[in-house]
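1. Fold the following and give me the result.
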Amino acid sequence: MSPASLAALVAPVALVAPPMPPANVAPGGVATAAAGAEITINWVTLSPVVIVLGAAIVSTLIEAAAARRRPRPSGPAQPAYLRPLQAGLALVAVAAAGLMALRLALEADKSMGLNGDGAVVIDPVALYLQLAVACCALLALLVVADRTVQGESAFAPQAAAVPGSEYEAKARQRRLSQTDVYPLVLFATGGMMLFPAAGDLITLFVALEVLSLPLYLLSGMARHRRLWSQEASLKYFLLGAFGSAFFLFGAAWVYGATGALRLSGIAAAVQSPTGLDPILVVGVVLMLVGLFFKVGAAPFHSWTPDVYQGAPTPITGFMAACTKIAAFGALLRIVYAVFQALEWDLRPVLWTVAILTMVVGTVIGLVQKDVKRLLAYSAIAHAGFILVGVTSLTAEGLSGSLFYLFTYGIASVGGFGVIALVREVDAEGHMRGEATGLDQWRGLGRRSPVLAGAFAIFLLSFAGIPLTSGFVAKFAVFAAAFGAGAPALAIIGLACSAAAACFYARVIVAMFFEPAPGGEAAVGAAAEVGAAGLAGSALAGSGLGGSGLGGSGLGGSGLGGASPGGLGADRSGVGGSGLGIGVRTLGLTQIAIAVSLAFTLVLGLVPGWFLHFTQELSQLLS
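-> I've put the predicted structure just below:
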């Protein structure tokens, strides 16, 4: 397949469309004048992004209106309707955006193309990625909105409060709820849906910042281990700004070398060699470095383990799934549709980063003793596996990468949803914060068998075991690498995947085949705590929660430790923290886990229909 025909799979309309839109306006479009030129905006094709960002603005206005109401001294600190209203608005908006993206993807044809004079490119690949982001964001929002039966969420009651201060204690006593989480998640989701559809350098950078800035704030809102969470937020902000600077600097060099902001114009300029080619190559590499920061590829991965571990677990799942989909979507468009003429210049960079990412994620993941950090290095390794598909620069690599992004994103939300339900039980039998130490998961299969079983399935999918979606995804990208004449890259990927299975197996062995710390007495105490929590719950739903995914909750305090704690505290084992046991919630997290499990198993058992779906979308514009 020639480079020109391959580029047509991703953004063919962007390459052949005239620089100015026609005078007539497409149905559903609006013509506006800017700088003396007529710009056509088709609001129908932009509706997935518009719905989410519009809901984010409305949600922000609701927060502002609610903040003006002064609470009564003896009454609730905020209106009782605020949290369900904000959660419902976010869920409905993301679901509507996903349905609209699905409808547009099924109806996609050659009439779709540039929108807003090329600022946004609407094609089947962009619509597929928007649908994937919407699906993962919807599941993540269920985990975000969930609360224990005592009414405690994963987020600090007042994120601006100094950890351990009297103000924070009063906020806990008054049971304040951090409802501005929802507009932040919506803004991030809107940026993620726009990022892979961006058609020029300015839109790319704006979308990058729109998705990044809310995540910096969300990472610092954990209910407990507040200093730890704020440390993660600061690291993410500093290193994220560093990555954005690389991307912006590279975009400036690309513009200087090509004289174009539109990706279509840059693609046309790349086809004609000039004396500015060295500047162009440097600019492209710098842009790729900025994207490597976002996907967590080595050696630009240093923020990933600390942020994954310190952020509220629902936000960790949201980032692990949606950020990776959006960033890889933009990377696919840039590599496949714009800079493929520079294949021989970029291939060594992509090869080096892919190999380094797989090796670093696998080797360091083998020695982790914290479940969230283990999944963070797993995410790094998976970024390397996806890069194997990207590096192949073939239609099969594109299709495999798209399948991998969706299946990995769904499994990540489910996996971190399980972690959000596992809490510590101390020696006195009190439920505390998250149990993320690997030792705390020992014997979990006896205490919460369905919860442990669900997590085991997600781990098997991450490992690429047959009959799971992870196996099909890895087979697709490695087969693409073999087909593209890169067997060495595929063999390294297979070796790293086999080694990574070892640290997934460690968690499964700890849950089902190792005794709990403290022996039978500790298990009995944990069971009593679980029974007490179940007896007092009339709100908890049925289904998975009632058969093992739920557990207990006695006066616990959210998803974190019992106190702010020091930044250098040992987090790798129990160390007096107690056992891990499933917590009883309102059931939203259980729904997200059940849906994620269904996708993981169905796409592992019968993947052909979904693979055909992605291939068909890509071929519509070929």
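2. quick one, helices of the stretch 1-150 of the chain?
-> Along the stretch 1-150 of the chain, the segments classed as helices by DSSP state H, counting those that start in this stretch run 3-7, 12-16, 47-67, 82-106, 124-145.
3. in the stretch 151-300 of the chain, what spans have low per-residue confidence?
-> 275 (pLDDT under 70).
4. for the stretch 401-550 of the chain, what spans make up the helices?
-> If DSSP H, counting those that start in this stretch is used as the criterion, the helices of the stretch 401-550 of the chain fall at 444-447, 449-463, 469-483, 487-513, 519-535.
5. For residue 381, which of these is the nearest?
-> Nearest to residue 381, of all the helices of the stretch 401-550 of the chain, is helix 487-513, at 5.4 Å by Cβ to Cβ. No exception for glycine: its C-beta is placed from N, CA and C like everyone else's.
6. for the closest one, which positions count as buried?
-> Judged by neighbour count (16 or more other Cβ atoms under 10 Å), helix 487-513 contains these buried residues: 489-490, 492-494, 496-497, 499-501, 503-504, 506-508, 510-512.
7. Can you list the residue ranges for strands in this structure?
-> In the chain, the segments counted as strands under DSSP state E are 29-34, 37-42, 114-115, 120-121, 422-425, 431-434, 579-582.
8. ok now do the closest residue to residue 481 other than its chain neighbours, which residues does it touch?
-> Nearest residue to residue 481 in three dimensions, chain neighbours excluded: residue 490, at 3.9 Å (Cβ to Cβ, 6 or more residues apart in numbering). Residues in contact with residue 490 (Cβ atoms under 8 Å, 6 or more residues apart in numbering) are 388, 478-479, 481-482.
9. ok, residue 490 to residue 358 distance?
-> To residue 358, residue 490 is 11 Å away according to Cβ to Cβ, to the nearest Å.
10. Give me the common contacts of the two.
-> Joint contacts of residue 490 and residue 358 (Cβ under 8 Å, 6+ apart) are residue 388.
11. is it true that residue 233 touches residue 216?
-> Yes - the pair residue 233 / residue 216 is scored as a contact, 5.9 Å apart, by Cβ atoms under 8 Å.
12. So for those two, which sits in the more crowded spot?
-> Taking neighbours as other Cβ atoms under 10 Å, residue 233 and residue 216 compare with residue 233 leading, 23 against 20.
13. Now do the residue lying closest to that one once chain neighbours are set aside: how many residues are near it, please.
-> Closest residue to residue 233 apart from its sequence neighbours, by Cβ to Cβ, 6+ apart: residue 220 at 3.0 Å. Residue 220 has 25 neighbouring residues, counting by other Cβ under 10 Å.
14. And for the one 10 residues further on?
-> Using other Cβ under 10 Å, residue 230 has 21 other residues around it.
15. Skip the chain neighbours and tell me the closest residue to it.
-> If you skip the residues right next to it in sequence, residue 230 has residue 220 as its closest partner in space, 4.7 Å away by Cβ to Cβ, 6+ apart.
16. Report the contact partners of the one you found.
-> Residue 220 makes contact with 159, 229-230, 232-234, 311, according to Cβ under 8 Å, 6+ apart.
17. got those residues as CSV, with distance to residue 467 columns?
-> Shown next, in CSV, are the contacts of residue 220 (distance: Cβ to Cβ, whole Å):
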residue, distance to residue 467
159, 42
229, 37
230, 42
232, 35
233, 39
234, 42
311, 32
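18. which residues touch the nearest residue to residue 484 once chain neighbours are set aside?
-> Once flanking residues are discounted, residue 484 sits nearest to residue 392: 3.8 Å by Cβ to Cβ, 6+ apart. By Cβ under 8 Å, 6+ apart, the contact set of residue 392 is 477, 480-481, 483-484, 486.
19. ok, residue 155 touching residue 178?
-> Yes - if you go by Cβ under 8 Å, residue 155 and residue 178 touch, sitting 4.2 Å apart.
20. Between those two, point out the one with more neighbours.
-> residue 155 (24 against 21).
21. Going by length in residues, pull out the top helix of the chain.
-> helix 226-258 (DSSP state H).
22. centre of the chain versus it, how much separation?
-> 18 Å (Cα atoms, centre = their mean, to the nearest Å).
23. before we move on, what about stretch 279-292?
-> 23 Å.
24. do the same with stretch 355-369
-> Mean C-alpha position of stretch 355-369 versus that of the full chain (Cα atoms, centre = their mean) differs by 20 Å.
25. Please renumber the chain so that the first residue is 2 from this point on.
-> Shifting the count to begin at 2 puts that one at stretch 356-370.
26. Give the rounded mean pLDDT of it.
-> The average pLDDT within stretch 356-370 is 96.
27. nearest residue to residue 581 other than its sequence neighbours?
-> Closest residue in space to residue 581, ignoring its immediate chain neighbours: residue 436 at 3.0 Å, by Cβ to Cβ, 6+ apart.
28. and the gap between the one you found and residue 423?
-> Distance of residue 436 to residue 423, given as Cβ to Cβ: 5 Å.
29. between these two, what contacts are shared?
-> Jointly contacting residue 436 and residue 423 under the rule Cβ under 8 Å, 6+ apart are 442, 581-582.
30. quick one: which of the residues you listed has the most company?
-> When neighbours are counted by other Cβ under 10 Å, residue 581 leads these with 34 neighbours.
31. ok, that residue - contacts?
-> Counting by Cβ under 8 Å, 6+ apart, residue 581 has contacts 423-426, 436, 438, 441-442, 445, 448.
32. and with 6 Å instead?
-> Applying Cβ atoms under 6 Å, 6 or more residues apart in numbering, we find residue 581 in contact with 423, 436, 441-442, 445.
33. Need these in JSON lines (columns: pLDDT and distance to residue 402).
-> Output for the contacts of residue 581, formatted as JSON lines (pLDDT from 0 to 100; distance: Cβ to Cβ, whole Å):
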{"residue": "423", "pLDDT": "92", "distance to residue 402": "32"}
{"residue": "436", "pLDDT": "85", "distance to residue 402": "35"}
{"residue": "441", "pLDDT": "90", "distance to residue 402": "36"}
{"residue": "442", "pLDDT": "93", "distance to residue 402": "32"}
{"residue": "445", "pLDDT": "92", "distance to residue 402": "34"}
